[in-house]
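[1] Next input, structure requested:
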Amino acid sequence: MSPKKKDDRLAEYRGRRDAGRTPEPVPGEGPLPRGDDDTFVVQEHHASSLHWDLRFERDGVLVSWAVPKGLPWSPGTNHLAVHTEDHPLEYATFEGEIPKDEYGGGKVIVWDRGTYETEKWDDREVKVVMHGSRASGRYVLFRTRGDDWMIHRMDPPADPDAEPLPESLPPMRPVRRTRLPRDRDGWAFEFAWGGRRLLAYVEGGRARFTDGRGRSVDGPARAGTRLGAELGARRAVLDGELAVVEGRETYLIYDVPHLDGRPLLDVPYRERRERLDALELSGGLWQTAPWFPGDGDAVRDAAAEQGLPGVLAKRLDSPYRPGEESDAWRFVPV
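    I've put the predicted structure just below:
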């Protein structure tokens, strides 16, 4: 490999990559292409730690920052941005799987792309207006120390009706009953797993947990990290429990009281479950728990066969009432 040249802006990029081992574009030395300095791309990078790579076309390269929690959705929160090596312009369309033993190993997908306008650009501050399908508005990146920067949204929230995730949400609780409801058509039935009740708050590809009283707890570390990565940039509160299923500790998810900036507390149980199912959350350490509208006897028999403690009956039209013990949810032991 030739020595690094002072004016070779891609020397560091090439030095970290072997063109024979990675699918990433690795251009040779030579004059840089010239563009209009108006293209940006955000790539979701499932490396050892999920992050988003923000890249702006400038002077023949993509000037790049790694943003661990993604772009801030409102001006109320700044996010860390780590300045990384310049990338070639061809990287703006790159999607693929970087081998795990290579630099940046993991899956890369294009999260958004578009055009931008420059309001200010120097060594300490970059102020731009972005025009993308998911990322749009005025942002400023400002240097703090070393290669660490912060990114701030200067415009109001793109979705003014969006709400932040609650800090804590005590879960809704069932009452105990000895029999299943008579009107089965108005109810859905779930297995009672006998596990530890946990709510997961997922934002920026990370998850934190609270317990059955709404108190912060460590939660399942590996499941939290990977669950956050699966949801990516989406924000959600998930209700479930940590239980042993087939010999493995699994986070079983059975409700979604908050999703994509919208509280779903007043949304009927049936619709919340349908939205949860649409997320397709399924991994080695977590699963979306099944639910069975109108099929209580079969669920009770299956729970007894599996040695589970009981069945949960939930009214299809029931809202989510944090911290309440409600007759709209009933625990029936087997």
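
[2] Distance-wise, check the residue nearest to R173 when sequence neighbours are not counted relative to H258.
    Among residues not flanking R173 along the chain, E325 sits closest, at 4.5 Å (Cβ to Cβ, 6 or more residues apart in numbering). For every residue, glycine as well, the C-beta is placed using N, CA and C. Distance of E325 to H258, computed by Cβ to Cβ, to the nearest Å: 21 Å.

[3] Those two: who's more crowded?
    H258 (23 against 11; other Cβ atoms under 10 Å).

[4] is it true that that one touches E167?
    No - between H258 and E167 there is no contact under Cβ atoms under 8 Å: 11.7 Å.

[5] and Y320, what does it touch?
    When contacts are counted by Cβ atoms under 8 Å, 6 or more residues apart in numbering, Y320 is found next to M172, D239, D255, P257, L264, L265, D266, V267, Y269, R272.

[6] if you look at the residues you listed, which of them are in helices?
    Here DSSP state H is the test, and these give Y269, R272 as lying in helices.

[7] Among the contacts of Y320, which one lies nearest to D18?
    Distance to D18 across the contacts of Y320 (Cβ to Cβ) is lowest for D239, with 45.8 Å.

[8] Surely the closest one touches H258?
    No - D239 is beyond contact range of H258, at 9.7 Å (criterion: Cβ under 8 Å).

[9] Touching, P75 and P160? I think so.
    No - with contact defined as Cβ under 8 Å, P75 and P160 do not form a contacting pair (11.8 Å).

[10] quick one, which of the two is more surrounded?
    Counted by other Cβ under 10 Å, P75 and P160 do not tie: P75 has more neighbours, with 15 against 7.

[11] tell me which element that one is part of?
    If you go by DSSP states H and E, P75 is not part of any helix or strand.

[12] Packing partners of the lengthiest strand in the chain?
    Using DSSP state E, we find that the single longest strand of the chain is strand 106-121. Contacts defined by 3 or more Cβ pairs under 8 Å, 6 or more residues apart in numbering; DSSP states H and E place strand 106-121 against strand 39-46, strand 50-58, strand 96-98, strand 125-132, strand 136-145.

[13] Identify the residue nearest T178 in space, chain neighbours excluded?
    Closest to T178 by Cβ to Cβ, 6+ apart is V332, at 6.9 Å.

[14] so what's that neighbour up against?
    Here V332 is in contact with R176, R177, T178, R179, L180, R300, G310, V311, L312, A313 (Cβ under 8 Å, 6+ apart).

[15] which ones among the residues you listed are found in helices?
    If you go by DSSP H, the contacts of V332 have R300 in helices.

[16] need the contacts of V332 in TSV with distance to E29, neighbour count and pLDDT, can you?
    Converted to TSV, these look like this (distance: Cβ to Cβ, whole Å; neighbours: other Cβ atoms under 10 Å; pLDDT from 0 to 100):
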residue	distance to E29	neighbour count	pLDDT
R176	73	11	97
R177	75	15	97
T178	78	7	96
R179	78	9	95
L180	73	16	95
R300	71	20	96
G310	69	21	97
V311	68	25	97
L312	64	21	98
A313	69	24	98
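
[17] and of the contacts of V332, the nearest to G247?
    Using Cβ to Cβ, the contacts of V332 come closest to G247 at G310, 21.1 Å.

[18] pLDDT weak spots in the chain?
    For the chain, the stretches with pLDDT under 70 are 1-6, 221.

[19] 80 - rerun?
    Where the chain drops to pLDDT under 80, the residues are 1-7, 147, 219-225.

[20] Tell me which residues touch L169, please.
    So L169 contacts L199, T210, G214, V237, P257, H258, P322 (Cβ under 8 Å, 6+ apart).

[21] Could you report the separation of it from R275?
    When distance is defined by Cβ to Cβ, L169 is 16 Å away from R275.

[22] same deal with R262?
    For R262, the distance to R275 - Cβ to Cβ - is 10 Å.

[23] same deal with S74?
    23 Å.

[24] And L10, by the same measure?
    Relative to R275, L10 is positioned 44 Å away (Cβ to Cβ).

[25] higher neighbour count, the two?
    Using other Cβ under 10 Å as the criterion, L10 and R275 rank with L10 on top: 22 against 17.

[26] pretty sure L231 is touching V202, no?
    Yes - look at L231 against V202 with Cβ under 8 Å: they come within range, at 5.0 Å.

[27] quick one, which of those two is more surrounded?
    V202 (24 against 21).

[28] the strands in the stretch 101-250 of the chain, which residues?
    Per DSSP state E, counting those that start in this stretch, the stretch 101-250 of the chain carries strands over the ranges 106-121, 125-132, 136-145, 148-153, 173-176, 187-192, 196-203, 206-210, 216-217, 236-245, 248-259.

[29] okay if I get these as a markdown table plus distance to Q43?
    Formatted as a markdown table, those follow (distance: least, Cβ to Cβ, whole Å):
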| stretch | distance to Q43 |
| --- | --- |
| strand 106-121 | 5 |
| strand 125-132 | 12 |
| strand 136-145 | 16 |
| strand 148-153 | 15 |
| strand 173-176 | 42 |
| strand 187-192 | 38 |
| strand 196-203 | 19 |
| strand 206-210 | 18 |
| strand 216-217 | 32 |
| strand 236-245 | 22 |
| strand 248-259 | 24 |
